[in-house]
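Q: Dropping the sequence and predicted coords here.
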Amino acid sequence: MAYDDQNIFARILRGEIPNKTVAETKHTLAFHDIAPHAPHHVLVIPKGAYVDFADFAANASAEEMTDFHRTAAGICAGFGDGYRVISNSGAHGGQEVPHYHLHILAGRPLGPMLTR
Ligand code: 5GP
């Protein structure tokens, strides 16, 4: 899928839409999800234009990947009772925003991974 630079997260990165920032580095932005599914629901996005996990893994630089994962891991480290990391892709994955992102969820027991 080609990257759509009008997606919501691209607009957040350009400063066109406000966000509640949790962490920001050279290559990564983390912010609170606007409609949280848990007491803590943080989105972590690369600043580069990547559609999903596979695009990021195939095309991001080693520096971007290290920065992204260490920023996400630093947020996870704050959740001593545990957390869940999710990344959706495409129609079957339920991806709404076509800019790669991790969901970090925490703050209560999160239940089974998926409803059967
Ligand atoms: P996806 O379904 O693509 O994996 O997740 C997209 C997430 O982005 C959803 O959890 C949704 O609540 C969140 N989201 C959508 N629009 C906005 C927005 O304008 N600001 C923030 N902070 N989150 C958003």
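A: That came through fine.
Q: Next, residue 16: phi, psi?
A: When read as degrees, to the nearest 10, the backbone of residue 16 gives phi -80, psi -20.
Q: Can you tell me how far it is from the ligand?
A: 10 Å (Cβ to the nearest ligand atom, to the nearest Å). Quick note: C-beta positions are derived from backbone N, CA and C, even for glycine.
Q: now residue 33
A: 5 Å.
Q: which residues sit in contact with that residue?
A: Shown in contact with residue 33 (Cβ atoms under 8 Å, 6 or more residues apart in numbering): 41-43, 103.
Q: go on, residue 7?
A: Neighbours of residue 7 in contact, by Cβ under 8 Å, 6+ apart: 97-99.
Q: and if you look at residue 10?
A: Contacts of residue 10 (Cβ under 8 Å, 6+ apart): 4, 49, 99.
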